[in-house]
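*Asks:* output the structure for:
(chains A, B, C, D, E and F)
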6 protein chains.
Amino acid sequence: MPYVNIQITREGTSPGATGATPEQKAALIKGVSDLLFEVLKKPHAATFVVIDEVPMENWGMGGLPVEEYRRQTAGKTS
Amino acid sequence: MPYVNIQITREGTSPGATGATPEQKAALIKGVSDLLFEVLKKPHAATFVVIDEVPMENWGMGGLPVEEYRRQTAGKTS
Amino acid sequence: MPYVNIQITREGTSPGATGATPEQKAALIKGVSDLLFEVLKKPHAATFVVIDEVPMENWGMGGLPVEEYRRQTAGKTS
Amino acid sequence: MPYVNIQITREGTSPGATGATPEQKAALIKGVSDLLFEVLKKPHAATFVVIDEVPMENWGMGGLPVEEYRRQTAGKTS
Amino acid sequence: MPYVNIQITREGTSPGATGATPEQKAALIKGVSDLLFEVLKKPHAATFVVIDEVPMENWGMGGLPVEEYRRQTAGKTS
Amino acid sequence: MPYVNIQITREGTSPGATGATPEQKAALIKGVSDLLFEVLKKPHAATFVVIDEVPMENWGMGGLPVEEYRRQTAGKTS
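*Replies:* As a prediction, the model looks like this:
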């Protein structure tokens, strides 16, 4: 009965996308459920996954909203 | 000072509804607050309840997005 | 598939108890699951409940740790 | 590597605003990150802040949705 | 900057273990971070993972504490 | 009615300490409550703060448990 909460910024990674696509979400759900089975033998039916997409202006890093942080650390990962 | 977070899928249970109704949410808030008073004597004024409605495609069960999971396990609960 | 997280301070409400008892926890689990069935028709098998007991010094209200807050507002609920 | 989650009701505090403004969110992010540096010496780059704005009807206090609670306790804080 | 919270019951899956082992936790951390890179191109350095181990009596399913639930549904997954 | 959850690793920052001290926790609680009053005019009495101290081996960054991550990135912040 694991519960997994994945929080990501709401932004697209493919052309035209404004957020994670349904296919990407399904891949996250499958991947996390497979992982819990492999590592802890948790049956797939017992794992809940909840994805939260957080508006960019609501996510902070380095004391700044994430977009401002990325501008200031351009070239670095975030 | 309990804090209770209720996460549900965003879907209607009454005709035409696309999510839990304000009346259903109020019933959840009242019910949880009553429960904490009955079981642990927590005064109603001290209990916070936060309801999160999660888009269907963001909720996973059995390694699948919940709608796909329901299709594959039709007739079973989810 | 609801997920409910109940956060309470770790303190006893019965003589000698240092936290909620297993019976009180079972009552919370049953009560919340019943509530979600009554209000939203969620089957019991589809509801996860996770109770977090938070050390007193880790919970703040009114800008103070909860024990200090209670001392200053003695007679009021918290 | 602290992670801080701030949950507030979605409502404006300035004329015409329907929620916290980007400036207010940036001030929360900066303030929390500064605080963790001052108190625990956590470097700013290591702190994540996630702000959740919760619809008014999804937040309960005193056994009631928050707007109803405020009406009944008018003049008191909430 | 994803944040992932994994909640599992505190119980061992290997002989003599009373909870997930450090190796199992490391495997969960690596697996989730790899997944977010593969699916969403999130750099490893930007992903936080927090594992919560929940005491058995604090986890509920089917309206019952999880151990009681497993007894009643023996042979089924949980 | 804000709710703020602060998650930190369980480790001392002062000699001999194995975690945040009660004084440091009280400073976090006061600082966050002051911040919400200053930025959003939330009355102190309406803010809950919950601090979670996470065991070092349960926190991951960069695909590794945090202690291993720090070893590999020695000299950098984490």
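*Asks:* switch to C-alpha atoms for all contacts and neighbour counts from now on
*Replies:* Fine.
*Asks:* ok, residue A:33 to residue A:5 distance?
*Replies:* 12 Å (C-alpha to C-alpha, to the nearest Å).
*Asks:* got it, and residue A:36?
*Replies:* From residue A:36 over to residue A:5 (counting by C-alpha to C-alpha), the distance is 13 Å.
*Asks:* out of the two, which sits in the busier spot?
*Replies:* A count of neighbours by other C-alpha atoms under 10 Å in any protein chain shown puts residue A:36 above the other of residue A:36 and residue A:5, at 25 against 17.
*Asks:* can you give me the end-to-end distance of stretch A:45-63?
*Replies:* Stretch A:45-63 has its terminal residues 40 Å apart, counting by C-alpha to C-alpha.
*Asks:* can you get me a residue count around the residue lying closest to residue A:57 once chain neighbours are set aside?
*Replies:* Distances taken as C-alpha to C-alpha, 6 or more residues apart in numbering or on different chains put residue A:65 closest to residue A:57, at 5.7 Å, once the chain neighbours are dropped. Residue A:65: 25 surrounding residues under other C-alpha under 10 Å.
*Asks:* these two touch, right, residue A:44 and residue A:32?
*Replies:* No - between residue A:44 and residue A:32 there is no contact under C-alpha atoms under 8 Å: 9.6 Å.
*Asks:* what touches both of residue A:33 and residue A:5?
*Replies:* Shared contacts of residue A:33 and residue A:5, defined by C-alpha atoms under 8 Å, 6 or more residues apart in numbering or on different chains, are found at residue A:49.
*Asks:* what sits in contact with each of residue A:44 and residue A:32?
*Replies:* Both residue A:44 and residue A:32 are contacted by residue B:63, under the criterion C-alpha under 8 Å, 6+ apart.
*Asks:* pretty sure residue A:10 sits against residue A:58.
*Replies:* No - taking C-alpha under 8 Å as the definition, residue A:10 is not a contact partner of residue A:58, at 10.0 Å.
*Asks:* which one of these two has more residues nearby?
*Replies:* Regarding residue A:10 and residue A:58, a neighbour count based on other C-alpha under 10 Å identifies residue A:58 as having more, with 22 against 18.
*Asks:* could you measure from that one over to chain E?
*Replies:* Distance, residue A:58 to chain E, by C-alpha to the nearest C-alpha, to the nearest Å: 12 Å.
*Asks:* swap in residue A:43?
*Replies:* Going from residue A:43 to chain E by C-alpha to the nearest C-alpha gives 6 Å.
*Asks:* how about the helices in chain A?
*Replies:* Assignment of helices within chain A using DSSP state H yields the ranges A:22-40, A:66-72.
*Asks:* which one of the ones you listed is the most hemmed in?
*Replies:* Greatest average neighbour count among the helices of chain A goes to helix A:22-40 (a mean of 20), per mean count of other C-alpha atoms under 10 Å in any protein chain shown.
*Asks:* look at residue A:77 and report its pLDDT.
*Replies:* Here, the pLDDT recorded for residue A:77 equals 49.
*Asks:* sorry, that was for residue A:14
*Replies:* Residue-level pLDDT assigned to residue A:14 equals 77.
*Asks:* ok, residue A:74 next?
*Replies:* What the model reports for residue A:74 is a pLDDT of 84.
*Asks:* name the residues linked to residue A:7 by a beta bridge.
*Replies:* On the basis of DSSP bridges, residue A:7 is bridged to residue A:52, residue E:3.
*Asks:* for it, what are its contacts?
*Replies:* A:51-54, E:2-4.
*Asks:* ok, now residue A:61?
*Replies:* A:69, D:29, D:44-49.
*Asks:* quick one: which of those residues is nearest chain E?
*Replies:* Chain E lies nearest to residue D:48 out of the contacts of residue A:61, by C-alpha to the nearest C-alpha, at 8.0 Å.
*Asks:* thinking again about what came up before, so which of the contacts of residue A:61 are also by chain C?
*Replies:* Among these, no residue is within reach of chain C (C-alpha under 8 Å from any C-alpha of the partner chain).
*Asks:* could I get those as a markdown table with distance to residue E:14 and pLDDT?
*Replies:* Shown next, in a markdown table, are the contacts of residue A:61 (distance: C-alpha to C-alpha, whole Å; pLDDT from 0 to 100):
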| residue | distance to residue E:14 | pLDDT |
| --- | --- | --- |
| A:69 | 43 | 96 |
| D:29 | 42 | 98 |
| D:44 | 39 | 95 |
| D:45 | 38 | 93 |
| D:46 | 34 | 93 |
| D:47 | 35 | 97 |
| D:48 | 34 | 98 |
| D:49 | 36 | 98 |
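*Asks:* correct me if wrong: residue A:6 contacts residue E:1.
*Replies:* No - in this structure, residue A:6 is not within contact of residue E:1 by C-alpha under 8 Å, at 10.7 Å.
*Asks:* so what sits opposite the residue nearest to residue A:57 in the bridge?
*Replies:* Taking DSSP bridges, one obtains residue A:60 as the residues bridged to residue A:65.
*Asks:* span of stretch A:37-46 from start to end?
*Replies:* So stretch A:37-46: terminal residues 10 Å apart, C-alpha to C-alpha.
*Asks:* chain neighbours aside, what residue packs nearest to residue A:37?
*Replies:* residue A:43 is the one closest to residue A:37 (C-alpha to C-alpha, 6+ apart), at 5.8 Å.
*Asks:* wait, isn't the one you found in contact with residue A:35?
*Replies:* No - Residue A:43 lies out of contact with residue A:35 (C-alpha under 8 Å); the separation is 10.4 Å.
*Asks:* hmm, the helix or strand bottoming out on mean pLDDT in chain A in reach of chain D?
*Replies:* Across the helices and strands of chain A, mean confidence by mean pLDDT, DSSP states H and E is lowest for helix A:66-72: a mean of 95. No - using C-alpha under 8 Å from any C-alpha, helix A:66-72 stays clear of chain D, coming no nearer than 9.4 Å.
*Asks:* if you count contacts, what does that helix end up packed against?
*Replies:* Judged by 3 or more C-alpha pairs under 8 Å, 6 or more residues apart in numbering or on different chains; DSSP states H and E, helix A:66-72 is in contact with strand A:59-61.
*Asks:* next one: the strand it packs on to chain centre, how far?
*Replies:* In this view, strand A:59-61 has its centroid 14 Å away from the chain centroid, taken as C-alpha atoms, centre = their mean, to the nearest Å.
*Asks:* and the average pLDDT for it is what?
*Replies:* 97.
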